[in-house]
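Colleague: My questions are about this predicted structure, shown below with the sequence.
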Amino acid sequence: MLTLLATLWQSDSAFPNGAFAFSNGIEGLAELGERLDRDRLAAVLATTLTHRWARMDAIAVLLAFAAVDDLAGLVGIDSRLEAATLPAPQRSGSRRNGLAFLTSHARIGTTGASALKVEVDARRLHGHLPVMQGALWHRCGLDETSALAASAYGAASTMVSAAVRLGLVGAVDAQRALAATLPVIAGLIEEIGARSPVSADDFASMSPLLDIATMRHATSEVRLFSN
Amino acid sequence: MNGPMAMPLDETFPRSIAARVGIGGPVGSGKTALIEALIPVLQARGVDLAVVTNDLVTREDAERLRRSGLIDPLRVLAVEAGACPHTVIREDPTLNMAAGDDLELRFPGLELILFESGGDNLASTFSLDLVDWWIFVIDVAGGDDIPRKKGPGVLRCDLLVINKQDLAPHVGVNLVQMEADALKVRSNRPVVITDSRRSAGIDAVADRIVRAVLFR
């Protein structure tokens, strides 16, 4: 039961982790003229989860979960993720969101969080969000499957929340898009389980429209979100 | 029943080094102007300070301070508010906390960090996870009934600043009554009247900050 409760705790939008300030491409897509109604938003979420999250974030979460007591291992995973994330706004967004998440856990007193923050502050660790999630969620009592679920759900709900605040879709309609995404998440987690073990050599991403939108957004003078 | 133990907590978590002061208030009330006026006054008193801004849509406030010539531009950080000016200083201040930590690391000896909110309405308040003490800025041009509306910002801040005192006769505001109303709804907790552009009342604000968080 504690595993389930810890997962709910870490997936709660009330948990302070900085995610609200990131649209992860949604604001950029809107600036490109994308009409993100419910169906299109659901399609964007499925694409993002399938072609970016499952091949990057999910792998980093799993590897960091396993390397929780191995600082050198975490540094290696973090560095590979930095190198494999080509759009600069995605890299900086992941680092900043990771630092906010880490700051919260360090203040809460999650075991190991303060030590990781020392490494990030000293620039020995980039502190990418999925790496911080994998390591600290292990400490919080989540299991691997729960950590993957929390990571995927967080990625999807962050984008949905951004779409609502940008006025692209209504708050209720947005939840229909999110509900339609749950089977996608479940399928991806099963698929990742089937191809374990994974390594940093498996990092890959193929979401060109989102990547372009994110990069264009970085030079926008008027924006509500960090990326 | 066997199961996972409750998560043990590390009680040696990091604590802030510099004092952290919030400056919130409605858009256009003069938060950035107040900071511009405060910087030289605090510097003259030997206070080592930095600023974090939370611009709502652009980085205009941060850029304005960086280009002001009043402070090393590296001592001004901008945090995006994600369309949520309340969230970034109250429900989820972690991005601001991290920005403050970063400034402390980069500027050893830093004593004071001012956090300027993105500006919103009378309901915004600061989390005490983020700041030790906070100021709420309103202005006479917003109407002399603002204190009587008893917004949480007006009621709960440590110091209420009523800015743009010079405009009172031009917008039909009885400033004496406005100040009396403010003191009444705040149960006589501090209120300072300012004209930030002419530095009127700024010493009184600086006195309050220095006394409250730097114990001087």
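Modeller: In hand now; what should we look at?

Colleague: any idea which helix or strand comes after the lowest-mean-pLDDT helix or strand in chain B?
Modeller: Among the helical and strand segments of chain B, the one scoring lowest on mean pLDDT, DSSP states H and E is helix B:60-66, with a mean of 86. Under the assignment DSSP states H and E, the closest C-terminal helix or strand after helix B:60-66 is strand B:76-78.

Colleague: Now that following strand: buried residues?
Modeller: Counting neighbours by 16 or more other CB atoms under 10 Å in any protein chain shown, one finds that the buried residues in strand B:76-78 are B:V76, B:L77, B:A78. All C-beta spots, glycine's among them, are computed from the backbone N, C-alpha and C.

Colleague: Closest to B:L114 out of those residues?
Modeller: Sorting the buried residues of strand B:76-78 by distance to B:L114 puts B:V76 at the head of the list, at 9.8 Å, by CB to CB.

Colleague: how about B:I113, secondary structure?
Modeller: Counting by DSSP: H, G, I helix; E, B strand; the rest coil, the backbone at B:I113 sits in strand.

Colleague: Spit out the contact partners of it.
Modeller: Going by CB atoms under 8 Å, 6 or more residues apart in numbering or on different chains, B:I113 touches B:A18, B:A19, B:R20, B:V21, B:L49, B:A50, B:V51, B:V52, B:G100, B:L103, B:E104.

Colleague: Mark which of the residues you listed are part of strands, please.
Modeller: In strands, defined here by DSSP state E, the members of these are B:A19, B:R20, B:V21, B:L49, B:A50, B:V51, B:V52.

Colleague: pretty sure the last one contacts B:L103?
Modeller: Meaning B:V52. Yes: counting by CB atoms under 8 Å, B:V52 does reach B:L103; the two are 7.3 Å apart.

Colleague: Centre-most residue in the chain?
Modeller: I'll assume chain A. A:A155 (4.6 Å; CA atoms, centre = their mean).

Colleague: ah, no, chain B please
Modeller: Central residue of chain B (CA atoms, centre = their mean): B:I23, 1.0 Å from the mean position.

Colleague: Name the helix or strand for that residue, please.
Modeller: Once you assign secondary structure using DSSP H and E, B:I23 falls within strand B:19-24.

Colleague: hmm, that strand touching chain A?
Modeller: No: if you take CB under 8 Å from any CB of the partner chain as the test, strand B:19-24 misses chain A, and the best it gets is 13.1 Å.

Colleague: now that strand: mean pLDDT?
Modeller: Mean pLDDT, strand B:19-24: 97.

Colleague: Which strands border it, and is each parallel or antiparallel?
Modeller: Based on DSSP bridges, the strands next to strand B:19-24 in the sheet, each with its direction, are strand B:112-116 (parallel), strand B:133-139 (parallel).

Colleague: tell me which residues in the helix or strand that the last one is followed by are buried?
Modeller: Meaning strand B:133-139. Proceeding C-terminally, strand B:133-139 gives way to helix B:152-156 as the next helix or strand, assigned by DSSP H and E. Residues of helix B:152-156 classed as buried under the neighbour-count rule (16+ other CB under 10 Å) are B:G153, B:V154, B:L155.

Colleague: quick check, nearest of these to chain A?
Modeller: Distances from the buried residues of helix B:152-156 to chain A were compared by CB to the nearest CB; the smallest belongs to B:G153, at 20.4 Å.

Colleague: For that closest one, which non-adjacent residue is spatially closest?
Modeller: Here the nearest residue to B:G153 in space, its sequence neighbours aside, is B:F136; by CB to CB, 6 or more residues apart in numbering or on different chains that works out to 4.3 Å.

Colleague: How about the contacts made by that neighbour?
Modeller: B:G24, B:G25, B:G153, B:V154, B:R156, B:C157, B:L159, B:L160, B:V161.

Colleague: now A:R95
Modeller: Shown here is A:R95, whose contacts under the criterion CB under 8 Å, 6+ apart are A:E82, A:H126, A:G127, A:H128, A:L129.

Colleague: Look up how far B:C84 lies from A:L36.
Modeller: When distance is defined by CB to CB, to the nearest Å, A:L36 is 19 Å away from B:C84.

Colleague: Same check on A:F20?
Modeller: Relative to B:C84, and taking CB to CB, A:F20 is found at 6 Å.

Colleague: in chain A, which spans are helices?
Modeller: Along chain A, the segments classed as helices by DSSP state H run A:2-11, A:26-31, A:38-48, A:58-66, A:71-84, A:88-108, A:113-121, A:129-140, A:144-165, A:171-194, A:208-217.

Colleague: Ranking those helices by mean neighbour count, which comes first?
Modeller: Using mean count of other CB atoms under 10 Å in any protein chain shown, the stretch among these with the largest mean neighbour count is helix A:129-140, at a mean of 27.

Colleague: now for the contacts of B:I113, which pair is the farthest apart?
Modeller: Of all pairs drawn from the contacts of B:I113, the one with the largest separation by CB to CB is B:V21 and B:E104; the distance is 14.2 Å.
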